[in-house]
Every structure is written in C-alpha cells, then in structure tokens.
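[1] Got a predicted structure plus its sequence, pasted below:
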Amino acid sequence: MRFIFGSATAARSAQAAFIILTCVMSISVMTQSPATMLAPTGTLRAVFLSTNPVHARVNPQSGVHEGPVPDLVKELARKLSVPFTVVPAPDAKGVIDQLNNHTADVGFLAYDETRAREVEFGAPFIVMFNSYVVRADSAIQRSGDVDRTGVKVGAVKGQTQELFVSSHLKNAQVKVFPTMPPAPELEKLFAVGEVDVFAVNRQRALDAQAATASRLRALADSFLEVEQCFVVGKSDRSRLEPIERFVAEARSSGFIKQSIERAKLTGVDVAPAKSR
C-alpha cells in the first residue's frame, strides 16, 4: 500500500514540477523584449522570394533589392534598434528551410495551406493579384476562358499560381516549369505551341507584356487574390505577436501603401486588417 502511495506522490510531484517549468518558460517568453524575440542573434535576418517582383526587385544601378519587403525589414529593424540583413531565396522551399533551420528569423511568402503546415503565417501586408498571360492574338479574353480541353497552361513549380492551377483546373493541361522563363524564352514557348497560357502574378504578367512589345498580353482580370505575409518557423510562433503589431502600425500609418507606390507595383494592394 505504501508503494502505491509513493508512486502516486511521485507522479503528482513530477506533474507539479512540469507545470512549474512550463509556467517559468511561458513567463520567460512573455518578458522577452521584441528585439530579443525577433532578432535573437542581435541582427534581424530576413529571407524572401528573389523571383517575386511583388517582394522586391534589384535596382539596376545599385544592385540592391528594393520594394515592400526590404522597406518593411528596414523599418522593423529600426524600431527594434538592431541591424538587419535581407537575403533572397530561389523558391518557397528555400524560405521555409532557412526559417526552420534558424538561419533566418522572419520570412515572406504568399499564404497557402500546404505551406502553413511547415511555417507559421503571420500578418498579411499586401494582397497580390494574379493574371494569365496569352498571345496577343489569342481568343482567350478572360480567366474563365482558360479551363478548356486542349488549352496548355504553364506555371512555375511550387509557386502560388502553380499550386492553384494544378489543383483547380479540370480540363486544361497544366505544364510545370522549374523556373520562370525570361521574356524571350516565354515568347518562344507560345510561338512553338508549348503553352497557350502562362499563370503568373499580375506584376510579372504586365512585365512580360511590356518586354515583348505587347506580343504577349496580360488578361485584364485576376484569377486569384493571395495575401503576402510575414512567416516564421514552426517553433517560433511567439514571434508573431510583435510582428502583428508592427504590420498594423505600418498599415494604418500609410507606410505599406507608400512602399507600393515607390516600387511602382501594379496588381497589388495593401492587405486589409483582419484575423486569420
């Protein structure tokens, strides 16, 4: 009987110790400063998609990335009183890997349910519109004309547009490309009949139209609206609270809108305030 009592006492003691430890850890997290939470190495390290012009583009004169993501990282670092780095990644996997192996503190991705299983999504800062690109003489006039038998739709593997067309188009044939073809190659794909449509974000669609002297055409409507968000690693959910506060302030002050205008982006807007 004493043995049973002793086991129960030991179990209760272990449970109490666990509760105390959990409380201590929670208090420790709650009392950390935003700078300590978001920049544990002393430098705010950010990673973004190098191929997404909505995030940033390289200034041809300075060679420096400019756009909403660098602007937000710089402003967040200023408020935290820490230095910062902004590193491009070639694809979404590169962003996710850097966050989860802790070589980056914050990242930026378009929201997607599959990605949300690997990283924690925080505050949306921009809504990105997406448009199909077609040949100038194509009979396709709007997004609703695309999902038809015989239509070949190109998209870049793992990007938001590819995830959408691969899961939603039922009749058209989806052709997945490893990277985004530059404008001359994209135009050639259309010329040889390898694709009839290419799914990209609206900014890139308009860039392709301009780069080909309108031999390619961006459809006027958007087939998908996607939030671009701050993201953190799966084990770093506590970092989202100070990020949410920062984005709310950047939204209400007009900072995000001004950044979009400076970057001369088309097909994006400030993300409305809402809870996910």
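    Thanks, I have it.
[2] For the spatially closest residue to residue 169 that is not a sequence neighbour, grab phi and psi.
    Among residues not flanking residue 169 along the chain, residue 147 sits closest, at 4.8 Å (C-beta to C-beta, 6 or more residues apart in numbering). Every C-beta, even on glycine, is put in place using the N, C-alpha and C of the backbone. In terms of degrees, to the nearest 10, the main-chain angles of residue 147 are phi -80, psi 70.
[3] Can you report how many residues lie near residue 147?
    16 (other C-beta atoms under 10 Å).
[4] Name the residues of stretch 242-257 that come out as buried.
    242, 243, 246, 247, 250, 251, 255, 256 (16 or more other C-beta atoms under 10 Å).
[5] State the distance from the second one to residue 91.
    Residue 243 sits at a distance of 23 Å from residue 91 (criterion: C-beta to C-beta, to the nearest Å).
[6] again, but for the first one
    Using C-beta to C-beta, we find residue 242 at a distance of 27 Å from residue 91.
[7] what does the third one give?
    From residue 246 across to residue 91, the span is 26 Å (C-beta to C-beta).
[8] and if you look at residue 183?
    The value you get for residue 183 to residue 91, if C-beta to C-beta is used, is 20 Å.
[9] any idea which of the buried residues of stretch 242-257 is closest to residue 84?
    residue 246 (13.1 Å; C-beta to C-beta).
[10] What is the three-state secondary structure of the closest one?
    The three-state assignment at residue 246 reads helix, by DSSP: H, G, I helix; E, B strand; the rest coil.
[11] What's the separation between the closest residue to it other than its chain neighbours and residue 192?
    Of all residues not flanking residue 246 in the chain, residue 76 sits nearest, at 5.5 Å (C-beta to C-beta, 6+ apart). From residue 76 across to residue 192, the span is 46 Å (C-beta to C-beta).
[12] likewise residue 81?
    Distance from residue 81 to residue 192, by C-beta to C-beta: 55 Å.
[13] Compare these two (neighbour count), which wins?
    Set residue 81 next to residue 192 and count neighbours by other C-beta under 10 Å: residue 81 wins out with 10 against 7.
[14] mind checking the longest strand of this protein?
    Longest strand of the chain, by residue count under DSSP state E: strand 119-135.
[15] Average pLDDT for that one, rounded please.
    Average pLDDT, strand 119-135: 95.
[16] what does the next helix or strand after it rub up against?
    Using DSSP states H and E, the next helix or strand after strand 119-135 towards the C-terminus is strand 152-156. The contact list for strand 152-156 (C-beta atoms under 8 Å, 6 or more residues apart in numbering) reads 51, 132, 146, 161-162, 165-166, 169, 172-180, 189, 193-200.
[17] mind redoing it with 7 Å?
    146, 161-162, 165, 169, 172-177, 179-180, 189, 194-199 (C-beta atoms under 7 Å, 6 or more residues apart in numbering).
[18] Quick one: the strands in the stretch 1-150 of the chain, in order.
    Using DSSP state E, counting those that start in this stretch, the strands found in the stretch 1-150 of the chain span residues 44-49, 57-58, 65-66, 84-89, 106-110, 119-135.
[19] partners of the third one in the sheet?
    Listed by DSSP bridges, the sheet partners of strand 65-66 and their directions read strand 57-58 (antiparallel).
[20] residues in contact with the strand it pairs with?
    With C-beta under 7 Å, 6+ apart, strand 57-58 has contacts from 65, 66, 67.
[21] Can you verify my assumption that the second one contacts residue 55?
    No: with contact defined as C-beta atoms under 7 Å, residue 66 does not reach residue 55; the gap is 10.4 Å.
[22] Just want to know which of these two has more residues nearby.
    residue 55 (25 against 15).
[23] my guess is that one meets residue 48, correct?
    Yes: taking C-beta under 7 Å as the definition, residue 55 is a contact partner of residue 48 at 4.6 Å.
[24] No further questions, thank you.
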